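my questions concern the predicted model and sequence given below.
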Amino acid sequence: MSTTRNRQKKRRLRNRLGMFAITLVTIVLLGVFLMQGRLLKTRIAQLEEQETALTRQIEEETQRTEEIEETKKHLQTDEYAEEIARNRLGLVKENEIVFREEE
């Protein structure tokens, strides 16, 4: 009978050690998952900030492109050519009288 009791004690000890090992592994895995979760939250926050900055930059560049297109259209008009001819070259239209101040 004592041998069966010894066997039962050994089985219980093995079961307890096995349960302890499983519990320990579970706790370690839980800790690892929690750390990874925090790291991922930090990374997500960084990426969201970067996304916001890039979105703002895209909007600024889009606005700049629109301004450039408007300037390009203005440069191709007759009004602009006339303005340059008057201001830089001093040209006047036919039948136009120019008054100048005396120095």
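Sure thing, it's come through.

could you use CA atoms for every contact and neighbour count after this?
Noted.

count of neighbours near Gly37?
Gly37: 12 surrounding residues under other C-alpha atoms under 10 Å.

extract the CA atoms of the helix or strand of the chain with the lowest mean pLDDT and return them as PDB.
Every helix and strand in the chain was compared by mean pLDDT, DSSP states H and E; the lowest is helix 78-87, with a mean of 84. Provided in PDB are the C-alpha atoms of helix 78-87 (Å, rounded to 0.1, in the frame of the first residue of the first chain):
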ATOM      1  CA  ASP A  78      -3.200  89.500 -73.500                       C
ATOM      2  CA  GLU A  79      -3.700  91.600 -70.400                       C
ATOM      3  CA  TYR A  80      -0.400  90.400 -68.900                       C
ATOM      4  CA  ALA A  81       1.500  91.000 -72.200                       C
ATOM      5  CA  GLU A  82       0.100  94.500 -72.300                       C
ATOM      6  CA  GLU A  83       1.000  95.200 -68.700                       C
ATOM      7  CA  ILE A  84       4.600  94.100 -69.300                       C
ATOM      8  CA  ALA A  85       4.800  96.200 -72.500                       C
ATOM      9  CA  ARG A  86       3.600  99.300 -70.600                       C
ATOM     10  CA  ASN A  87       5.500  98.900 -67.400                       C
END
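
centre of the chain to that helix, how far?
Helix 78-87 sits 44 Å away from the centroid of its parent chain (C-alpha atoms, centre = their mean, to the nearest Å).

could you give me the buried positions within that helix?
Residues of helix 78-87 include none that count as buried (16 or more other C-alpha atoms under 10 Å).

alright, I will stop here.
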